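[1] What follows is a predicted structure for the sequence shown.
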Amino acid sequence: MRRIASRLNTASAEFRANAEHHRRLAAELKDKQRAARFARPQRDLERLRSQNKLSVRERLDLLLDPGTPFLELSTLAACEAYGGEVPGAACVTGIGIVSGREVLVNAGDASVKGGAWYPLTVKKTVRALDIAIENRLPVVHLCDSAGGFLPLQAELFADKYYAGRIFRNQCLLSKLGIPQVAVVLGHCTAGGAYVPALSDYNVIVRGTGAIFLAGPPLVKAATGEENTVDELGGCDMHTSVSGTADYPASSEEEAIAIARDIVGQFKRPQKTAIEWQPPEDPYYDPAELYGILPRDIKQQFDMHEVIARIVDGSRFHEYQPNYGKTLVCGYAHLWGYKIGILANNGVLFNDSALKGTHFIELCNQNKTPILFLQNITGFMVGREYERRGITKDGAKMIMAVSCSEVPKFTVMCHGSFGAGNYGMSGRAFDSRFLFSWPNHQIAVMGAEQAANTLADVKIRQLQRQGRTLTPAEIAAIREPVLAEFQRKSSAYWSTSEIWDDGVLDPPDTRPALGIALSCALNVPIGDPRYGIFRM
């Protein structure tokens, strides 16, 4: 593979202005992440201390192997929901190293509403366990939750992807032979009691840990029976009488040490063998990504420059470089592993869609994982392109993406609009991991196009009624639509709703993808098989 020849002028005024803008976005991202992780009302911190509890971050420090990376997922979940009062959706999920093994961690954050489950808490937890299933990752549950947030119970309980999906996923993990250990650090009430009960191993802390389907007040209301917490579901009862819990612990520190010892007994997975060579840092500085990205979401840029700052040695073997040039396809190595890359250099035309489809087939044929770098305004529209079969050719690409057997990874580098999101393995297409950058925008169409379209519809309606609008009246229709589209197409709205697995500072993309790729190789890669391509 040859090194990409960068044409970037890092001394230009444009580069410097871009870099300043995106460094500011990165600083804003880090401020938001810091607040989501650590900013809590003093009364909530004092409440934990009065209960002899550690914070969720202190628990993670005890659990994870010192000096190893932790890929936190959906740090800013719920950042645009619930009035901003449920940082991180009241839980922490991520992938880390425990006793030398890759594990998925699912930890309740009792400093946020007592760790109560909100709808987005459930969504974040279900997504984390989906990742564990897809990538055969053992799970460590750090349990400390006040149970479901009852005012929103209608959005928690009944539907397919609500709270029951957590327990269904736990059962699937067990069926697949993927071990789980739960550490009961607080109350596990009602459905939450099934988290430790469905785990292969569980540890419970004496005095603070409890497992029961109904706590003492509800039991008394339902049956008239009076119990203390310890009598009903405490450590000694469950480890010596019911057998619901396995290991008693006298402190959180001891409980987490026991959990680490349990994980140390887990069998190490046999990684799927794909082409590998010794890893090499990119030749070009990943920090230069700040100056490559434009400030305007509508402005194009060369995705070769992005690829050159992510892959090993900045080397890239480009496939069909002179055909379908609005889609860059080719092979590279990432942390030593060979990958295929599809990256948008503009709108998807017929030839670029066909090129992408063919390249996805090639990657499946030679069992090469695929990285999609999204910077897409959509498939080309218009009479000429419909006559050429753009819908048919776009459908081919969507078919290839959907039926792909190799692990897929997606990074939202810039815009993601319309059906181009689908062809480039958007959220609906089961990428093993999907990350966004702070500048990312996603919507069915651009904000200005949407505002103009809706304004035009309203204007025509009024014209049929004999009314002519003034420019001020047109602006009064257009501006609120524009503002709402911009708000709901931002990276922060997207990550709040858990449409991604987290927002990355662009230079952090390479290490995040390295962890994701390592996890994905826990699973054998199947042989390619597709549906019907409309020819």
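    Everything's here; your move.
[2] From here on, just use CA atoms for contacts and neighbour counts.
    Will do.
[3] And for the chain, the residue most distant from the center?
    Each residue of the chain has a distance to the centre, and by C-alpha atoms, centre = their mean the biggest one is for residue 466: 50.3 Å.
[4] Quick one: residues contacting it.
    By C-alpha atoms under 8 Å, 6 or more residues apart in numbering, the contact set of residue 466 is empty.
[5] likewise residue 309?
    282-286, 288-289.
[6] 7 Å instead, please
    Counting by C-alpha atoms under 7 Å, 6 or more residues apart in numbering, residue 309 touches 282, 284-286.
[7] those helices in the stretch 101-250 of the chain, which residues are they?
    Remark: helices assigned in the stretch 101-250 of the chain by DSSP state H, counting those that start in this stretch are 119-135, 164-175, 194-197, 216-223, 229-233, 235-237.
[8] can I get these in TSV with mean neighbour count?
    Formatted as TSV, those follow (neighbours: other C-alpha atoms under 10 Å):
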stretch	mean neighbour count
helix 119-135	23
helix 164-175	18
helix 194-197	22
helix 216-223	13
helix 229-233	19
helix 235-237	23
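[9] Redo these as TSV? Include distance to residue 462 and mean pLDDT.
    Shown next, in TSV, are the helices of the stretch 101-250 of the chain (distance: least, C-alpha to C-alpha, whole Å; pLDDT from 0 to 100):
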stretch	distance to residue 462	mean pLDDT
helix 119-135	41	98
helix 164-175	48	97
helix 194-197	57	96
helix 216-223	58	92
helix 229-233	66	95
helix 235-237	70	97
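[10] Packing partners of the helix or strand hosting residue 26?
    Assessed by DSSP states H and E, residue 26 sits inside helix 13-38. Where contact means 3 or more C-alpha pairs under 7 Å, 6 or more residues apart in numbering; DSSP states H and E, helix 13-38 is packed against helix 289-292.
[11] so where is the protein shaky, pLDDT-wise?
    In the prediction, the chain carries no residues with pLDDT under 70.
[12] quick one, longest strand in it?
    If each strand of the chain is counted by residues according to DSSP state E, the longest one is strand 408-417.
[13] is it possible to export the helices of the stretch 101-250 of the chain to JSON lines including distance to residue 410?
    Converted to JSON lines, those look like this (distance: least, C-alpha to C-alpha, whole Å):
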{"stretch": "helix 119-135", "distance to residue 410": "14"}
{"stretch": "helix 164-175", "distance to residue 410": "23"}
{"stretch": "helix 194-197", "distance to residue 410": "30"}
{"stretch": "helix 216-223", "distance to residue 410": "46"}
{"stretch": "helix 229-233", "distance to residue 410": "44"}
{"stretch": "helix 235-237", "distance to residue 410": "44"}
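[14] circling back to that earlier point, now the longest strand of the chain: buried residues?
    For strand 408-417, the neighbour count (16 or more other C-alpha atoms under 10 Å) marks 408-417 as buried.
[15] Could you do stretch 465-484 as well?
    474-475, 477-478, 481-482.
[16] And that stretch, how far out from the chain middle?
    Offset of stretch 465-484 from its chain centre (C-alpha atoms, centre = their mean, to the nearest Å): 37 Å.
[17] before we move on, back to that, from the contacts of residue 309, which single one is nearest residue 131?
    Closest approach to residue 131 among the contacts of residue 309 (C-alpha to C-alpha): residue 286, at 27.1 Å.
[18] wouldn't the closest one be in contact with residue 505 here?
    No. Between residue 286 and residue 505 there is no contact under C-alpha atoms under 7 Å: 10.6 Å.
[19] Mind giving me the packing neighbours of the longest strand of the chain?
    Counting contacts by 3+ C-alpha pairs under 7 Å, 6+ apart, strand 408-417 packs against strand 370-376, strand 433-436, strand 441-443.
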